[in-house]
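Asker: build me a model from this:
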Amino acid sequence: MTSLRIHFIAIGGAAMHALAIALKNKGHRVTGSDDEIFEPSRSRLADHRLLPDKPGWFPWKITADMDAVILGMHARQDNPELLQALKLGIKVYSYPAYMVEQTLQKKRVVIAGSHGKTTITSMIMHVLRYNRVVFDYLVGSDIAGFDNTVSLDDKAAVAVFEGDEYLASALDQRPKFHVYQPQIALISGIAWDHINVFPTYDLYKKQFEIFIHTLPEDGVLVYCEEDKELTNLVEHSAAGVMKIPYKAHPYRVQDEKTILLTEGLELPLEIFGKHNLQNISGARIICEQLGVSAESFYRAITSFKGAGKRLQELARNAETAVYLDFAHSPSKVKATIDAVKEQYPRRKLVACLELHTFSSLTKTFLAQYRNTMENTDEAVVFFNPDTLAHKQLEMITTEDITASFSRDKLAVYTSSVELKEFLLSRSWEGAVLLLMSSGNFSGINFREMADRITAGKK
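Answerer: Have a look, this model is predicted:
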């Protein structure tokens, strides 16, 4: 294999730093720059000797002998390193485009959808690894048993990518999942998100229609038939692909344990929730398309513990359990709450949601959360006014939150210190705490708080 010289502009991004590590592991010469790098990217880059010496952009780092420059979404069109690369005629890729470049001769599978794509991708990865299949991958969360969130292996004949809707780079304004050119695709569902890029629901939905048409004529599209909007879109699509629907796998819940039901067998799972049983059905069909038998799939899936921050158990004892979930959009919030309530029907459910994303903090979008927290015994919403200022959004008030969620006795906090005091001061006997956020509640150490709650420490 020829060693290439590759430079990353905005190397600190979640996928960017993981791809940089994967390419270094393949023997390529990798360098990078960024104006700010946060954890865990910072430590991971340092461990692989890829952390830039100092923050900033340095156009003299870009030299004509480079084989490729990979541009992260964090970098703008006027980035001095980007301008230098274009001046020298160096090929500039977004990271999705470079993933395609590295897997041109492989069968690409892309998992898309407004929710569940990280978990479904993780399930497929877990099953393939369990069955000793060599494959490339890109996933949006840490997965137990995998050292990195990106891997590229010359021996792999298959590549499994999580494909999200956000834009690829400042030069490539396509949603990432439009770039990957899959032979096999899955769509888990459609629920409006990323309103800073797609200001209307119709525009957002259109991206999935376009995605379907990126499949070749002999491609395979797997989709969740329990999403009526998605089913309507797929059924009316003129794309000449094989269309395979799926729905939640048969299951039952007994003694706070979810049991998967199949062919006369009852298989206890490490995960729970109807949405995860939908995810299992979708993952099973994809694995079948990749040559994994149903028997081999079921044998593997019983040991799947979930992806990081996807209904992740932080701590528990006989009386209390604490879970962390990435849920932030309305559909995800409702599905996650319903899952925990079904798993723990006799326990009191306290659900705590942080509004953190651009969409969730936009006043006109808040109405989408109406009734999403109705299935809780206590509902708490947290937002940090400084985050609104940083995102240059119109300020919202606690009254705006209360009116939008339309739930009696909704507690609203704007101070993480006060929120933490509230959570630690109460009794958790016979209760479950569900924390939902794509952030960290402005600095709360989830694991430490969960340990204190389950240890009964104030």
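Asker: how is the chain divided into domains?
Answerer: Structurally, the chain divides into domains by automatic domain parsing as follows: 5-90, 98-301, 312-455.
Asker: now do the end-to-end distance for the first one.
Answerer: The straight-line separation of the ends of domain 5-90 (CA to CA, to the nearest Å) is 11 Å.
Asker: any idea of the mean pLDDT in that domain?
Answerer: Mean pLDDT, computed over domain 5-90, is 97.
Asker: also the second one?
Answerer: Averaged across domain 98-301, the pLDDT comes to 96.
Asker: can you list contacts of stretch 24-38?
Answerer: Under the contact criterion CB atoms under 8 Å, 6 or more residues apart in numbering, stretch 24-38 has outside partners 1, 3-12, 16-17, 20, 23, 45, 48, 50-52, 55-58, 61, 72, 74, 81, 148, 152, 154. C-beta: built from backbone N, CA, C; applies to glycine.
Asker: may I see the buried residues of it?
Answerer: Buried residues in stretch 24-38, counted by 16 or more other CB atoms under 10 Å: 24-26, 28, 30-34, 37.
Asker: same check on stretch 388-400?
Answerer: 388, 396, 400.
Asker: same check on stretch 409-427?
Answerer: For stretch 409-427, by 16+ other CB under 10 Å, it's 410-414, 416, 419-420, 423.
Asker: which of the residues you listed fall in strands?
Answerer: Members of these lying in strands (criterion: DSSP state E): 410-413.
Asker: and of those residues, the nearest to K205?
Answerer: Distance to K205, by CB to CB, is smallest for L410 among these, at 29.7 Å.
Asker: where exactly do the helices run in the stretch 251-400 of the chain?
Answerer: 274-289, 294-301, 330-343, 385-390, 398-405 (DSSP state H, counting those that start in this stretch).
Asker: ditto for the stretch 1-150 of the chain
Answerer: Under DSSP H, counting those that start in this stretch, the stretch 1-150 of the chain gives helices at 14-25, 41-47, 80-88, 95-102, 117-130.
Asker: check contacts around I271.
Answerer: Neighbours of I271 in contact, by CB under 8 Å, 6+ apart: 258, 304-306, 311.
Asker: so E319 makes contact with E429?
Answerer: Yes. Counting by CB atoms under 8 Å, E319 touches E429, with 4.8 Å between them.
Asker: kindly export stretch 151-168 (C-alpha atoms) in CSV.
Answerer: This file holds the C-alpha atoms of stretch 151-168, laid out as CSV (Å, rounded to 0.1, in the frame of the first residue of the first chain):
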residue,chain,number,x,y,z
SER,A,151,-12.2,1.9,10.8
LEU,A,152,-10.8,1.2,7.3
ASP,A,153,-9.4,-2.2,6.6
ASP,A,154,-8.0,-3.3,3.3
LYS,A,155,-9.3,-6.8,3.9
ALA,A,156,-12.9,-5.6,4.3
ALA,A,157,-15.4,-6.2,1.5
VAL,A,158,-18.2,-4.3,3.3
ALA,A,159,-18.5,-0.8,4.7
VAL,A,160,-21.2,0.2,7.2
PHE,A,161,-21.8,4.0,7.6
GLU,A,162,-24.1,6.0,9.8
GLY,A,163,-25.4,8.7,7.5
ASP,A,164,-26.8,11.9,9.1
GLU,A,165,-28.6,14.8,7.5
TYR,A,166,-26.2,17.6,8.4
LEU,A,167,-24.1,19.2,5.6
ALA,A,168,-20.8,17.7,4.5
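Asker: where's that stretch relative to the chain centroid, distance-wise?
Answerer: Centroid displacement of stretch 151-168 relative to its chain, using CA atoms, centre = their mean, to the nearest Å, is 14 Å.
Asker: go through that stretch and flag the buried ones.
Answerer: Per 16+ other CB under 10 Å, stretch 151-168 contains these buried residues: 151-152, 156, 158-165, 167-168.
Asker: the residue nearest to D451 when sequence neighbours are not counted pairs with what?
Answerer: Residue nearest to D451 in three dimensions, not counting chain neighbours: A315, with 5.3 Å by CB to CB, 6 or more residues apart in numbering. Beta-bridge partners for A315, by DSSP bridges, are V322.
Asker: thought A315 was touching V322?
Answerer: Yes. With contact defined as CB under 8 Å, A315 counts as touching V322 (5.1 Å).
Asker: more neighbours, these two?
Answerer: V322 (26 against 19; other CB atoms under 10 Å).
Asker: so which of the helices of the stretch 251-400 of the chain is nearest E225?
Answerer: Nearest to E225, of those and by CB to CB, is helix 274-289 at 9.7 Å.
Asker: contacting residues around the closest one?
Answerer: Residues outside helix 274-289 that contact it (CB under 8 Å, 6+ apart) are 109, 111, 115-116, 119-120, 123-124, 127-128, 184, 186, 188, 220, 222, 224, 226, 244, 246-251, 258, 260, 269, 294, 296-297, 301, 306, 311, 335-336, 338-339, 342.
Asker: of these, which qualify as buried by neighbour count?
Answerer: Using 16+ other CB under 10 Å, the buried members of the contacts of helix 274-289 are 109, 111, 115-116, 119-120, 123-124, 127-128, 184, 186, 188, 220, 222, 224, 226, 244, 246, 248-249, 251, 258, 260, 269, 296-297, 301, 306, 311, 335-336, 338-339.
Asker: quick check: the gap between the nearest residue to R44 once chain neighbours are set aside and G219.
Answerer: Residue nearest to R44 in three dimensions, not counting chain neighbours: H17, with 6.1 Å by CB to CB, 6+ apart. Counting by CB to CB, to the nearest Å, the gap from H17 to G219 is 31 Å.
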